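Participant: structure, please.
(one chain, ligands or ions: 1)
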Amino acid sequence: MTIPFFDGHNDTLLRLLESSDADKGQSFISGTGGGHIDLPRARAAGMAGGFFAMFPPPLKTSLAAVTGTPQLEPNLPPELAWGDAMASTTGMASLLLRLEQAGALALCRSVADIAAAQARGVLAAIFHIEGAEAIDTNFYTLDLLHAAGLRSVGITWSRANAFGTGVPFRHNADPDIGPGLSDLGKELVRRCNQMGIMIDLSHLNAAGFRDVAAISSHPLVATHSNVHAISPHARNLVDWQLASIRESGGVVGLNFATGFLRPDGKFVTDTPMELMVRHVDALVEAVGEDGVGLGSDFDGAMVPAGIGDVTGVPKLLQALLDKGYGEALVGKIAMGNWMRVVAEVMG
Ligand code: ZN
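Facilitator: All right, here's what the predicted structure looks like:
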């Protein structure tokens, strides 16, 4: 039995953009480009779709540093210029549109779009930007990107920008680091609320989280974050954040990155599936059965060897069934909870 699932976060578009292929989408379709997700493996795994992040990298070398060993230095990566963010975001958006034109996926703007894609057997993609650097301070590009299909915005990645401040990649650290949202950041939240664009809290610092919770009319969502009480990384969610997400009717997507799963914060593939189940247990306890989803971080992070790539997701779902989770709950964690929030935010 294959359980369909919807993934809260992948960095596949950046992997493809940075690949050496002349036609950057072709290896995704043929399944020859490696990485964690491509079309043949997504189909085999039962992946119905997911949030496809557009992450504008600060520098090519620093991305490797992020996905390799934990960065222990206290300083955040440097801020990114609007033009640089726009250039790489345009590249990744173009890739998404070309993949849609090639029939490899469907760019979805609502839960009805996702259901239609699923009925056709096509991978459903939600256009997400990870960090709002590509949005100018007049919000002109917000309108443009929304028209192109943008439906999910992470206000920051792990750096500061005109809108807010992210958390550093630091183990044994609390996310309460740095100031909250700027006035522009608060305006961005209001505009996203009006436009049916989901706000993603993963990577945002605690003060920014509080600001979004105070302003936003939408359920609070962290697409790819884990439980700080198990893995005390600044990227993970502390108790009051989980309670706040629960109160809003939001969702947390389980991040598969080993450094955010492990109590010791190490990025090593030798990380047991049992630890992923422990985070799911804690998330269900803290946020409720309606508040837990998947947020793999595939193609952007080192994942446990037992998962390997997208074809390993059914093993995690099976581990939950083996643990005594009922089929209905596993179905919610796999897909239902994301669909509920997408319907509430986007329609
Ligand atoms: Zn991320």
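
Participant: residues near the closest residue to Val252 other than its chain neighbours, how many?
Facilitator: Distances taken as CB to CB, 6 or more residues apart in numbering place Ala222 nearest to Val252, at 4.9 Å, with adjacent residues excluded. (C-beta placed from N, C-alpha, C; glycine too.) The local packing of Ala222 (other CB atoms under 10 Å) involves 29 other residues.

Participant: now the phi/psi pair for Ala222, please.
Facilitator: Backbone dihedrals for Ala222, given as degrees, to the nearest 10, come out at phi -120, psi 110.

Participant: what's the answer for Val221, then?
Facilitator: Torsion angles at Val221 (phi, psi; degrees, to the nearest 10) stand at phi -130, psi 130.

Participant: quick thing: my sequence starts at 4, can you match it?
Facilitator: Okay, residue one is now 4; in that scheme the one you just asked about reads as Val224.

Participant: excluding its backbone neighbours, what's nearest it?
Facilitator: Distance criterion CB to CB, 6+ apart; nearest residue to Val224, sequence neighbours excluded, is Gly253 at 5.0 Å.

Participant: so that neighbour makes contact with Pro222?
Facilitator: Yes - using CB atoms under 8 Å, Gly253 is in contact with Pro222, at 3.9 Å.

Participant: where does Leu83 land on pLDDT?
Facilitator: On the pLDDT scale, Leu83 is placed at 87.

Participant: quick one: what helix or strand has it in it?
Facilitator: Counting by DSSP states H and E, no helix or strand carries Leu83.

Participant: which ones are touching it?
Facilitator: Contacts of Leu83 were listed using CB atoms under 8 Å, 6 or more residues apart in numbering, and they are Pro59, Pro61, Gly134, Glu136, Arg162, Asn164.

Participant: which helix or strand contains the first one?
Facilitator: This means Pro59. Following DSSP H and E, there is no helix or strand that holds Pro59.

Participant: thinking again about what came up before, for Pro266, see how far away the residue nearest to Val224 is.
Facilitator: Distance, Gly253 to Pro266, using CB to CB, to the nearest Å: 25 Å.

Participant: between the two, which is the more surrounded one?
Facilitator: The neighbour count for Gly253 versus Pro266, taken as other CB under 10 Å, is higher for Gly253 (27 against 13).

Participant: could you pull up phi and psi at that one?
Facilitator: When quoted as degrees, to the nearest 10, the phi and psi of Gly253 stand at phi -90, psi -170.

Participant: need the residues touching each of Gly253 and Pro222.
Facilitator: Joint contacts of Gly253 and Pro222 (CB under 8 Å, 6+ apart) are Val344.

Participant: circling back: which one in the contacts of Leu83 is the model shakiest on?
Facilitator: Ranked by pLDDT, the contacts of Leu83 bottom out at Pro61, which scores 64.

Participant: so what's the residue nearest to Ile117 when sequence neighbours are not counted bridging to?
Facilitator: Leaving aside its sequence neighbours, Ile117 sits nearest to Ala127 (CB to CB, 6+ apart; 4.3 Å). Taking DSSP bridges, one obtains Gly52, Ala109 as the residues bridged to Ala127.

Participant: mind pulling up the pLDDT for Ala127?
Facilitator: Looking at Ala127, its pLDDT stands at 98.

Participant: before we move on, back to that, quick one: which two of the contacts of Leu83 are the most distant?
Facilitator: Pro61 and Asn164 (11.2 Å; CB to CB).

Participant: doesn't Gly334 make contact with Leu320?
Facilitator: No - between Leu320 and Gly334 there is no contact under CB under 8 Å: 9.1 Å.

Participant: neighbour-wise, which of those two wins?
Facilitator: Between Leu320 and Gly334, counted using other CB under 10 Å, Leu320 has the larger neighbour count: 22 against 16.

Participant: and the more buried one, that's in a strand?
Facilitator: No - counting by DSSP: H, G, I helix; E, B strand; the rest coil, Leu320 falls outside a strand, being helix.

Participant: which residue, other than its chain neighbours, is closest to it?
Facilitator: In this structure, Leu320 finds its nearest non-sequential neighbour in Ile6, 5.1 Å apart by CB to CB, 6+ apart.

Participant: can you report how many residues lie near that neighbour?
Facilitator: Using other CB under 10 Å, Ile6 has 19 neighbouring residues.

Participant: distance of it from Arg194?
Facilitator: 36 Å.

Participant: now swap in Leu184 and tell me
Facilitator: Taken as CB to CB, the span from Leu184 to Arg194 is 13 Å.
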